[in-house]
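> Need the 3D shape of this:
(chains A and B)
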Amino acid sequence: MAAATFVQGSCKTMCPPDEYEIRKEHNLVRPFETSFLSAVKCYSRSAAGQSAARHKNIRDLTTLENTVKYLFEQVLDRRKTSLAQLYDFVFDRLRAVRQDLVVQGYLEGFSGLRTVTVAKILEYCVRFYIYFQFRLSHLPASAFSSHLNQNHLDECLSQLLHLYSKIEVKNHDLLHQTSHIEIEALDLLLSKNSAGLHRALQLPSKTKSNTIVRNSIEISISLWLGNFVRANHIARGLPLSLQLAYRAHFSLLRPRVLEVYERGYRSPQGTKFPLEKLRRYLLFDTARQTAEFCVDCGLSLDDTGSSVIFKTGTALKFSTTSQSNNLYDQDFEETLENVRVSHFLYGQSI
Amino acid sequence: MATMNLNQYLREIQSSWESRSGTEVSEFLSFNHPHVMSAKLTAEGFEKSVERLVESPLDELVILHLRCLNCVNQQKYLEAYSEQSALVQAFTKLFQTQKEDNWALFIMYVISLDLRMFAIKADKELAKKGADKPGQTLEKAAECLMGLFRVCAADNRSSDEDTKRWGMLYLVNQLFKIYFRINKLHLCKALIRAIDASQFKDHFSLSQQVTYRYYVGRKAIFESDFKSAEKFLTYAFERCHRECRNNKRLILIYLIPVKMLLGHLPTPHLLRKYDLLQFSEVVQAVREGNLRRLNNALLQHDAFFIRCGVYLILEKLKVTTYRNLFKKVTLLMKTHQIPIEAYLEALKFMGVEDIDLDETQCIIANLIFENKIKGYISNSHNKLVISKQNPFPPLAAIM
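Numbering: from 1, shown residues only, chains lettered A, B, ... in the order given. Just a heads-up that it's a prediction; the model follows:
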């Protein structure tokens, strides 16, 4: 995209006045938006027919920063409605913020300290997606689209890594003002194949020697070698945001973990494997969830319902079961209830 | 040659062109040839001399080549690349018009090689100036070469002797070198398909085949397809000329870890012969089932292994090492029902820190899952019950 096609935003309110008028007229104002001052620009697919006056509808960087601050502190922290509804609203408004960043060319060139600000905003978004991936994963697909959330997380991460590489080349010192270590580790933990590991191994040694990065590499290698126990163990020492990301990634591995244990323990006469033990390996919150998952995969439970039976000749079947994406964990849930959402999103919590 | 004067150069290249001598013309357009050392070729007004003494379409190529030489002499590689790129594009056009003819393939080879070399130098120049996209010149070079590739691949009406399709593998190899360097391995797929579909697949020159197999083997490693990787890299190693020691060594860097994963350890003799002693410690550790020794071996040469891209396969050797260790323990116990604690103690003895029963069971379960141990874990007795027949099948047979 040539620089000439980037717009310089001039809107200084969270919602462009034009848009507010149109939405008000068509009854498209959300309950959160009680007046013009609390209205936030929503996401729209096309920047239809705005050419010359377009810049009036695009918020400048400072306004975008303030918008994000508002969404986090005045909407999320205040918690006036269900998490799912909060997510819906803020997801859309953040998407619009990111869109305003893109059309102004902030994700392409390098603009010194402003690029650092842009990176910070994207970092907040990444944590947003991870936070809600965890807190809403137990909801049915109609209430929360894990898939869509994951896509935006992936997109944001790759945009961030791109920005970091620009900052690194143009002004290396500025990198310290970002959370690039946390994000590199996040990217690695969420990576679906060994390409992430290859990339991480080639990071500069200063980055690699950082405890968080080093542990993330060890976790990824352990997973790659099938040593789930070790991976889970090391993951427990990670900062909160990384633990949530790890859980999200691990849930994709549950079928494989079950396969390995089934294969390793199954006997011709049938081995009884305690659900409580399997629960720990599969990172499920309750034995009941574990049982549901096993049954969905084609396994049987014993008479007491406290063990699953691994017997030679059983064929496992894997489809998207009700429990496979469930990240719920009581301890984490309690921790997050007691942490201000904005603190987590700003990267302030451990 | 090194002090060749311009007129002489022009007359010779013109005459070689007239007699359709591909090899001779290619020498005069190659930066590996001593003529490039002559300062007389780029003296002022050289373009006029070219126009006077050289016929079209060769004149355009010569002018671009000399312009490029001029840039190289001033060490301006970005500009040199620009000229070379224009040369390749001009050549592509004229090559296409040469119907049922492939004598110019020799020219294609040298100008492609030089294009890639200048792209590498140009990117280095850009990096020094703080460019944000590493490898952007190489990417452009790849596009340029793809243009040439298409001309070659499309030449399927000519006779086997005169077809330009003979140039395909050379170009594919050049493209592989670029894609590996800029880390875009997925772009190799289409090229591999094209070569696989070619009737000349097994008739290209041996050196081209060796290079091809080397890269395809490395790609297979990256995709964890170790059986295929072994096949390709073994071919490359065995057919690589004895005197190309550097190349043989390069192939071994990838072949050795793959073969180790498949259960074949290299001899100390081989490692010494090809100066690959970085692998000695790894080999010993795996043989002994010694985890601590393996970890140290990987740490000691991690920069080398990471740079070559074999670090991860070597990590995978941990599984082989566990297997070897557990086999020893099992033989020592002389029973078919071994308490898991025995394996746990062995791991601790071998220097694995912070390990417990849970993790030991996990490792064993994985080995059973991968068919490396025949048996099952009894949860109630906390024992590994092994098959009475061949509980530790040889690795080479399983993989």
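> Quick one: name the residues of chain A near chain B.
Contact residues (CB under 8 Å from any CB of the partner chain) of chain A with chain B: A:110, A:165-166, A:169-170, A:194, A:197-198, A:201-202, A:221, A:224-230, A:233, A:259-261, A:263-267, A:271-274, A:277, A:281. Heads up, the C-betas are built off the backbone N, CA and C, glycines and all.
> Now, of these, which are buried?
Judged by neighbour count, with 16 or more other CB atoms under 10 Å in any protein chain shown as the criterion, the buried members of these are A:110, A:166, A:170, A:194, A:197-198, A:201, A:221, A:224-230, A:233, A:260-261, A:263-267, A:271-274, A:277, A:281.
> could you say which helix or strand contains the residue lying closest to residue A:236 once chain neighbours are set aside?
The shortest distance from residue A:236 to any residue that is not its chain neighbour, by CB to CB, 6 or more residues apart in numbering or on different chains, is 7.4 Å, and that residue is residue A:243. Residue A:243 belongs to helix A:240-251 when assigned by DSSP states H and E.
> what's that helix in contact with?
With CB atoms under 8 Å, 6 or more residues apart in numbering or on different chains as the contact definition, helix A:240-251 has outside contacts at A:127, A:130-131, A:133-134, A:137, A:150, A:182, A:185-186, A:189-192, A:212, A:216, A:219, A:231-232, A:235-236, A:238, A:283, A:324-327, A:329, A:332, A:335, A:339, A:344, A:347, A:349-350.
> Kindly report the same for stretch B:294-305.
By CB under 8 Å, 6+ apart, stretch B:294-305 touches B:278, B:281-282, B:284-286, B:311, B:314-315, B:317-318, B:321, B:351.
> same check, this time on stretch A:291-309
Residues from elsewhere that reach stretch A:291-309, judged by CB under 8 Å, 6+ apart: A:254-255, A:258, A:262, A:270-276, A:278, A:282, A:284, A:287, A:290, A:310, A:314-319, A:321-324.
> Quick one: neighbours of the nearest residue to residue B:231 once chain neighbours are set aside, just the number.
Ranked by CB to CB, 6+ apart and with sequence neighbours excluded, the top spatial neighbour of residue B:231 is residue B:217, at 7.8 Å. Using other CB atoms under 10 Å in any protein chain shown, residue B:217 has 25 neighbouring residues.
> Which element, helix or strand, includes residue B:217?
In this assignment (DSSP H and E), residue B:217 forms part of helix B:206-222.
> which of the residues in that helix are buried?
Judged by neighbour count (16+ other CB under 10 Å), helix B:206-222 contains these buried residues: B:207, B:209-222.
> Point me to the residue of the stretch 151-300 of chain B nearest chain A.
For the stretch 151-300 of chain B, the residue closest to chain A is residue B:224, as judged by CB to the nearest CB, at 7.1 Å.
> what are the phi and psi values for the residue of chain A found nearest chain B?
Proximity to chain B, evaluated over chain A using CB to the nearest CB, is greatest for residue A:264 at 2.7 Å. Here the main-chain torsion angles of residue A:264 (degrees, to the nearest 10) amount to phi -70, psi -30.
> packing partners for the helix or strand that residue A:127 is a member of?
In this assignment (DSSP H and E), residue A:127 forms part of helix A:113-136. Secondary structure elements in contact with helix A:113-136, counted by 3 or more CB pairs under 8 Å, 6 or more residues apart in numbering or on different chains; DSSP states H and E, are helix A:61-70, helix A:83-103, helix A:146-170, helix A:180-190, helix A:240-251, helix A:330-337, helix A:341-346.
> For the second one, which outside residues touch it?
In this case it means helix A:83-103. Residues from elsewhere that reach helix A:83-103 (CB under 8 Å, 6+ apart): A:6-7, A:9, A:30, A:32, A:40-44, A:47, A:58-59, A:64, A:67-68, A:71-72, A:75-76, A:79, A:107, A:118, A:121-122, A:125, A:128, A:132, A:135-136, A:139, A:143-144, A:149, A:152, A:156.
> From the residues you listed, keep the buried residues only.
Under a neighbour-count criterion of 16+ other CB under 10 Å, the subset of those counted as buried comprises A:7, A:9, A:30, A:32, A:40-42, A:58-59, A:64, A:67-68, A:71-72, A:75-76, A:107, A:118, A:121-122, A:125, A:128, A:132, A:135-136, A:139, A:144, A:149, A:152, A:156.
> near chain A, which residues of chain B show up?
B:130-132, B:222, B:224, B:306, B:309, B:311-312, B:315-316, B:318-319, B:354, B:358-359, B:361-366, B:368-369, B:376-380, B:385.
> On the three-state scheme, residue A:8 is what?
The assignment at residue A:8 comes out as coil when based on DSSP: H, G, I helix; E, B strand; the rest coil.
> need the strands for chain B, in chain order.
B:337-339, B:375-378, B:383-386 (DSSP state E).
> Dump those into a markdown table; add mean pLDDT and mean neighbour count as well.
Listed next are these as a markdown table, based on pLDDT from 0 to 100; neighbours: other CB atoms under 10 Å in any protein chain shown:
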| stretch | mean pLDDT | mean neighbour count |
| --- | --- | --- |
| strand B:337-339 | 96 | 16 |
| strand B:375-378 | 95 | 21 |
| strand B:383-386 | 96 | 21 |
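> I'd like to know which of those is closest to residue B:170.
Evaluated over the strands of chain B, closeness to residue B:170 peaks at strand B:375-378, with 52.3 Å, by CB to CB.
> Give me the sheet partners of the closest one and which way each runs.
Sheet pairing for strand B:375-378, assigned by DSSP bridges, gives strand B:383-386 (antiparallel).
> can you list contacts of the strand it pairs with?
Contacts of strand B:383-386 with the rest of the structure, by CB under 8 Å, 6+ apart, involve A:267, B:330, B:336-340, B:343, B:364, B:373-378.
> Specify which member of those residues is nearest to residue B:144.
Looking at these and their distance to residue B:144, the nearest is residue B:373, at 53.2 Å (CB to CB).
> Sort out which residues of stretch B:181-195 are buried, please.
By neighbour count on 16+ other CB under 10 Å, the buried set for stretch B:181-195 is B:181, B:182, B:185, B:188, B:191, B:194, B:195.
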